[in-house]
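In: Just need the structure, nothing else, for what follows:
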Amino acid sequence: MSMMRNILLKSFILFCLAVSAIGCRQPEPLMPKSSAAAGIPAGFVAVFGKTGADPIVVCGNRTLAEHRFPPCSTFKIVSTLMGLDSGVLTGPESRLGYDGTRYEFAAWNGDLTLREAFRTSCVPYYKKLTGKLDRRTVQKTLDRLNYGNCDISVWNSNGHNVFWIESSLLISPLEQLGVLERIFSGRSGFAPGHVELLRECMRDGCAGDWTLYGKTGSGRNHNTNRLEGWFVGFAEPADGKPVFFAAHGAAPDRDVNGPEMRQWLREQFSRGFLPPVEPVR
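Out: Coordinates of the predicted model:
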């Protein structure tokens, strides 16, 4: 049964990609009048794609797929690679020290390794890491990756940079997808060994017949005072090319966080189908 669900899911994605690639005519939207009717909350969006040459499909509101949000902890994907390429980090056991501060999340209280910091999404570790990076190198890297608006203007000199947390740096789900594809197809300029190390840090178990690799992110929208969530990464079938994804969610009357978005995406893959989608290209 799980094999049949996997076949159906892969066939559905391939069908949507093929539909969007036929001819030059704009495809007819496959979206229902209401995303909620398809099981997609109104403030949620997910984008999927394979390689730069393949079409991209959108589940949910196309406007949200193009809207830029703070990356929050999804930026740890790129900052991990910058830390490794710069030599600030030397491997999965790299530690940056601990000053004894007691944090809200007990898992952050200690001198964590890179692997531990990534998997617990330790903000203090990554604030310290970005504070050790060269500003010009960070700017060049984001420009090279086309990382959203590439705006790191909120750059602190106190060793704890937060431009990626509810601040100047913004990126859309579609742009997240492009960054992921460049990194994991070997076109990002990062050392292949460092990309492989990141990949292992991102491994997030299985959903149905898919192996997931991802990173959550959560941040507060200061206009609504509500938390909004990300889950970005890729899913690998037993055979064939990985499917990259980027999902963002928000709600007007409650908080939405990264773990919720992670669970939502896992459910789509576990059930063996995706909601109706709109081909983009």
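In: Do a quick rundown of the helices in the stretch 1-150 of the chain.
Out: Assigned by DSSP state H, counting those that start in this stretch, the stretch 1-150 of the chain shows helices spanning 2-21, 62-66, 76-86, 114-119, 123-131, 135-145.
In: need the least confident one among the ones you listed, by mean pLDDT.
Out: Lowest mean pLDDT within the helices of the stretch 1-150 of the chain: helix 2-21, at a mean of 44.
In: quick one: contacts for the residue most central in space within the chain?
Out: Centroid-nearest residue in the chain: Val232, 2.2 Å away (criterion: CA atoms, centre = their mean). Val232 is in contact with Thr74, Ile77, Pro173, Gln176, Leu177, Leu180, Gly214, Lys215, Gly217, Phe245, Ala246, Ala247, counting by CB atoms under 8 Å, 6 or more residues apart in numbering. For the C-beta atoms, the positions are set from N, CA and C on the backbone; glycine is no exception.
In: name the element it belongs to?
Out: Using DSSP states H and E, Val232 maps to strand 226-236.
In: Could I have the CA atoms of the helix or strand that that strand is followed by written out in PDB?
Out: Where DSSP H and E defines the elements, the next helix or strand beyond strand 226-236 is strand 243-249. Output of strand 243-249 as PDB, limited to C-alpha atoms (Å, rounded to 0.1, in the frame of the first residue of the first chain):
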ATOM      1  CA  VAL A 243      11.600  17.000  -4.900                       C
ATOM      2  CA  PHE A 244      12.600  20.400  -3.400                       C
ATOM      3  CA  PHE A 245       9.900  22.200  -1.300                       C
ATOM      4  CA  ALA A 246       9.400  25.400   0.700                       C
ATOM      5  CA  ALA A 247       6.300  25.900   2.800                       C
ATOM      6  CA  HIS A 248       5.200  29.000   4.800                       C
ATOM      7  CA  GLY A 249       2.200  29.300   7.000                       C
END
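In: tell me the average confidence for strand 243-249?
Out: Rounded mean pLDDT across strand 243-249 is 96.
In: Let me know the angle separating the next helix or strand after that strand from strand 226-236.
Out: Next along the chain after strand 243-249, taking DSSP H and E as the criterion, comes helix 258-271. Taking axes from the mean of the first three to the mean of the last three CA atoms, to 10 degrees, one finds helix 258-271 and strand 226-236 inclined to each other by 40 degrees.
In: And helix 258-271, what does it pack against?
Out: Where contact means 3 or more CB pairs under 8 Å, 6 or more residues apart in numbering; DSSP states H and E, helix 258-271 is packed against strand 44-49, strand 203-207, strand 210-221, strand 226-236, strand 243-249.
In: Next, the angle from the first one to strand 226-236.
Out: The one in question is strand 44-49. 20 degrees.
In: any idea how far strand 44-49 is from the chain center?
Out: Centroid displacement of strand 44-49 relative to its chain, using CA atoms, centre = their mean, to the nearest Å, is 10 Å.
In: what's that strand packed up against?
Out: Looks like strand 44-49 contacts strand 56-60, helix 62-66, helix 173-184, strand 243-249, helix 258-271 (3+ CB pairs under 8 Å, 6+ apart).
In: Out of the ones you listed, which is closest to Gly208?
Out: Closest to Gly208 of the helices and strands packed on strand 44-49, according to CB to CB: helix 258-271, at 4.6 Å.
In: okay, the angle between that closest one and strand 210-221?
Out: 150 degrees.
In: And the contacts of helix 258-271?
Out: Here helix 258-271 has contacts from 5, 9, 44, 46, 59, 72-73, 121, 204, 207-208, 210, 212, 214, 216-218, 229-231, 235, 245, 247-249, 274-275, using CB under 8 Å, 6+ apart.
In: repeat for stretch 92-109
Out: 83, 88, 110-116, 120, 122-125, 128-129, 132, 197, 200-201.
In: let's see it at 7 Å
Out: Contacts with stretch 92-109, where a contact means CB atoms under 7 Å, 6 or more residues apart in numbering, come from 110-115, 120, 122, 124-125, 128-129, 197.
In: Compute the first-to-last residue distance for that stretch.
Out: Start and end residues of stretch 92-109 are separated by 18 Å (CA to CA, to the nearest Å).
In: now for stretch 184-196, what's the gap between its first and last residues?
Out: End-to-end distance for stretch 184-196: 9 Å, by CA to CA.
In: For Pro124, the count of nearby residues, please.
Out: Neighbour count for Pro124, taken as other CB atoms under 10 Å: 18.
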